[in-house]
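Participant: pasting the structure only:
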């Protein structure tokens, strides 16, 4: 990035939400409420010797609770970062890693069954 600041904000949204549209200002329900990156970046750092040109912004401690892809939408310090149209720039995708299984099982209560996760 170039010209990043502590006034920048991001939203982690569901993949069907388009950055810059209504709803892009709302964090996905798959992001744990107590770990949502609603505020400024944890750090904003320059690269090289240009101390006024901040090229790296970090939001730490984000926790997702659902195994799904997420879109990350960015609002620059030139906007007020309150409406979906302000979070207009898609800056990445989050793809959680871990076990998943979309198989539906028919299980009989009080009877053992097997579940295999790949």
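Facilitator: Okay, I see it. Just so we're clear, the structure is a prediction, and the values are computed from it rather than from any experiment. Residues are numbered from 1 along each chain as shown.

Participant: OK, contacts around the nearest residue to residue 18 once chain neighbours are set aside?
Facilitator: Setting aside the residues directly before and after it, residue 18 is nearest to residue 24 in space (C-beta to C-beta, 6 or more residues apart in numbering), at 6.9 Å. C-beta coordinates here come from the backbone N, C-alpha and C atoms, glycine included. Residue 24 is in contact with 11, 13, 17, 18, 73, 84, 85, 87, 88, counting by C-beta atoms under 8 Å, 6 or more residues apart in numbering.

Participant: so what's residue 24 scoring on pLDDT?
Facilitator: According to the predicted model, the pLDDT of residue 24 comes to 97.

Participant: can you check the one 4 residues further on too?
Facilitator: If you check residue 28, the pLDDT there is 96.

Participant: Count residues in the vicinity of it, would you?
Facilitator: Taking other C-beta atoms under 10 Å as the neighbour definition, residue 28 ends up with a count of 20.

Participant: on that earlier part again, what about the contacts of residue 24, which one has the most neighbours?
Facilitator: residue 87 (30 neighbours).

Participant: measure it to residue 69 for me?
Facilitator: From residue 87 across to residue 69, the span is 17 Å (C-beta to C-beta, to the nearest Å).

Participant: Equivalent analysis for residue 9, please.
Facilitator: When C-beta to C-beta is applied, the distance between residue 9 and residue 69 equals 21 Å.

Participant: go on, residue 95?
Facilitator: Separation of residue 95 from residue 69 (C-beta to C-beta) stands at 5 Å.

Participant: go on, residue 77?
Facilitator: Distance of residue 77 to residue 69, given as C-beta to C-beta: 27 Å.

Participant: now swap in residue 24 and tell me
Facilitator: Remark: distance between residue 24 and residue 69 (C-beta to C-beta) = 15 Å.

Participant: Over to residue 28?
Facilitator: To residue 69, residue 28 is 10 Å away according to C-beta to C-beta.

Participant: Residue 62 - how many residues pack around it?
Facilitator: For residue 62, the tally of surrounding residues (other C-beta under 10 Å) stands at 16.

Participant: Run a quick check on residue 4 versus residue 55, I expect a contact.
Facilitator: Yes: at 6.5 Å, residue 4 and residue 55 qualify as touching, with contact defined as C-beta atoms under 8 Å.
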